[in-house]
Each structure stands twice: as C-alpha cells, then as structure tokens.
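> this one's structure only:
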C-alpha cells in the first residue's frame, strides 16, 4: 500500500505545498553546499535528490520537522560522509583484495577494519554476522532497496527508473528496513554489553 493512501487527500496536499516551499527556499543553497563538498556533479545531484526524498518520507511518515533547513543540511552532511566512507572502503577493498580470504562476504569485509586488533576484528565479524541475519529477516523488497542504496551506493532515482517503483515507495521500504536493522543491532549491542565484550 502506498504511503499516500494512508492519509487524507487534504493533508497530502498541505504537505506537498510545504515541501514545495522548502524546496524553493532551500534547494539552491543545499545544492551549492553539496557541490562544494562533492566534486562529481552527478553524485552531488543524487545526494540532493536523496536528501529531498528523505524529506518527503519524513514529512509523510514521521512527526513534523521543526528546523527544516538545519535538518536538510544535517542529512546532506550525513549522505556526503556516507559516500566518502563507501569510497574509502572500496579503495581499501581494492588494495586489500589480494589479502582477503576467498569468498569473504562483502558486508563483512567492509565492516572489518584491517588495522584493528584481534578483539576488534572478532567484534566486527560478529557484528557483520548479526547484520547478515538481520538483513535475511527483511522482506525481499526492503532488503533489495537497503543493499542497493547503502552498500552499492545507488540513488533512489536510478532504482525507481530501473524498477518502475515510485521513489516514495522505495524510501518507505528503506525506512522500514533501517528501523528493523536498528532494532536488531541494538539487541546485538545489548548482548555484547551483557557479555562484557
């Protein structure tokens, strides 16, 4: 069921007007902010689209955002940081590919830092295993969107174009996946604390 069907048409129209106003007021400033930090113009535009897509989901699903401008720039900063981490992880993976055991899972390889001590590597491997279990528990559609966006770095725009599924639907699927993963990883964290790890 699409998110829009869960709300009255008048409320959706009001939200659309508010979102359009935010886009007009903050769009140019946000794009300039991102472009100063991301050299690739297409990547910068993808980040801007992702940020505004998250605004739409947050407006539709969550409580109203009090300081929308600050929220947009915080989400943009997080997206830029995530992109840098992904690039760094990919470059580390490329340089360490010869050292990696054959068949090592991509997620586990990204989580385990090569310069960490044995205890940290053990904890990272356990975290990767817990993450794999949590991902396996997700419905296929949610898992696919989460992996495509977070691990493969694909934009919602490109996923929507390829699959024919609306961006709002993809955003909602990712949101539910993130909520589930947070809950499961919180359980993992609590278990580690109980074990004194």
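It's in. Given the structure is predicted, the values throughout are model-derived calculations rather than measurements.
> return the set of buried residues in stretch 35-53.
35, 38, 43-53 (16 or more other C-beta atoms under 10 Å). Every residue, glycine included, has its C-beta placed from N, CA and C.
> stretch 9-22 now?
12, 15, 19, 22.
> quick one: the helices in this structure?
9-37, 41-61, 68-96, 106-111, 118-137, 140-146, 156-163, 167-195 (DSSP state H).
> confidence-wise, which of the ones you listed is weakest overall?
Per-stretch mean pLDDT for the helices of the chain is lowest at helix 106-111 (a mean of 49).
> can you pull up the most central residue in this structure?
residue 150 (4.9 Å; C-alpha atoms, centre = their mean).
> so how far is residue 56 from that residue?
From residue 150 over to residue 56 the distance is 19 Å, taken as C-beta to C-beta, to the nearest Å.
> per the record, what domains does the chain have?
Using automatic domain parsing, the domain ranges for the chain come out as 7-99, 104-197.
> returning to what we had before: how near is the residue nearest to the centre of the chain to residue 177?
Taken as C-beta to C-beta, the span from residue 150 to residue 177 is 9 Å.
> do residue 148 as well
11 Å.
> which of those two has more residues huddled nearby?
residue 177 (24 against 19; other C-beta atoms under 10 Å).
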